[in-house]
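>>> here you go, sequence then predicted model.
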Amino acid sequence: TDIAEKSKNAIKQLHQFLDQRNKGKSSDSDRSFVLPSQAAWAGSTEAREKCFGFLSENHIKMVPDILSEALGLQLRQDDKIELQDSSKGACPPSRPLYSHQARAISKALDGKHTLIGTGTGSGKSMCFLLPILADLMNNDSHSQATSALLIFPTKALAQDQMNKLETLLSKHPKLKLHIRPGIIDGDVSHQNRAEIVSKCNLILSNPDTLHAAMLPNWKGLYCM
């Protein structure tokens, strides 16, 4: 196709430019020739249509209604019609899951290790948040209650997710009965970390704090 040919030419020209640069033979004219060619190809692929997915009845039973309502999710295909008929326009319909979200959430609810690789802003957080929050709510009243550790690449990302969780809980106070998030990073004092672990069932952290502080001192500092 024309798009595939443009892609091959752009990649070929880029390789030629890189080879010339490595040999010290590149020039401004080469650079001005390659970049417009790449720019012409970028974005030439038509946007894909949104693909939505839904959970099976068995998986829907594993998600508390109060949680799916708080997140504004339409988990089954006919929910939207029922909501529109019952609300008569007074309440906007819930949004459905994307197909990759539905597949990932279903795997996680089945207890299977799941890896998601999609673009920025595609809703990856929902893929792990929904099954984790559902499990916290379903298993919070016995001796082996669920707890979760979320590891984010940076401290800033963990703080951002914590802010979103706190906003969700403030808007839906009933969720606080089962979901108790806390964050442990370099900004949290050692005196407060043990208290956070004892009270919270959802801990957010980052790799540096996990390896440098949490794992080496877990029994002595956090399990008091």
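Yep, it's here. Residues are numbered from 1 along each chain as shown.
>>> for the lengthiest helix in the chain, packing partners?
Longest helix of the chain, by residue count under DSSP state H: helix 2-22. With contacts defined as 3 or more CB pairs under 8 Å, 6 or more residues apart in numbering; DSSP states H and E, helix 2-22 has these neighbours: helix 28-41. All C-beta spots, glycine's among them, are computed from the backbone N, C-alpha and C.
>>> tell me the mean pLDDT over the helix it packs on?
Across helix 28-41, pLDDT averages out at 53.
>>> name the strands paired with the helix or strand following that helix and say parallel or antiparallel.
Going down the chain from helix 28-41, the next helix or strand is strand 52-53, by DSSP states H and E. If you go by DSSP bridges, strand 52-53 pairs up with strand 95-98 (antiparallel).
>>> neighbouring contacts of the partner strand?
50-55, 72-75, 77, 80, 105, 122-123, 126 (CB atoms under 8 Å, 6 or more residues apart in numbering).
>>> show me what counts as buried in that strand.
Neighbour counts over strand 95-98 (16 or more other CB atoms under 10 Å) mark 96-98 as buried.
>>> try stretch 107-118
So stretch 107-118, judged by 16+ other CB under 10 Å, has buried residues 107-109, 114, 116.
>>> now that stretch, how far from the centre of its chain.
Put simply, stretch 107-118 sits 12 Å off its chain's centre (CA atoms, centre = their mean, to the nearest Å).
>>> dump it to CSV, restricted to CA.
Once non-C-alpha atoms are left out, stretch 107-118 reads as follows in CSV (Å, rounded to 0.1, in the frame of the first residue of the first chain):
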residue,chain,number,x,y,z
LYS,A,107,-7.7,-12.2,33.4
ALA,A,108,-6.8,-10.4,36.6
LEU,A,109,-10.1,-11.4,38.2
ASP,A,110,-9.3,-15.0,37.3
GLY,A,111,-6.1,-14.7,39.2
LYS,A,112,-3.8,-14.8,36.2
HIS,A,113,-0.6,-12.8,35.7
THR,A,114,-1.4,-10.1,33.1
LEU,A,115,0.8,-7.8,31.0
ILE,A,116,-0.7,-4.8,29.2
GLY,A,117,1.1,-2.9,26.5
THR,A,118,-1.0,-0.1,25.0
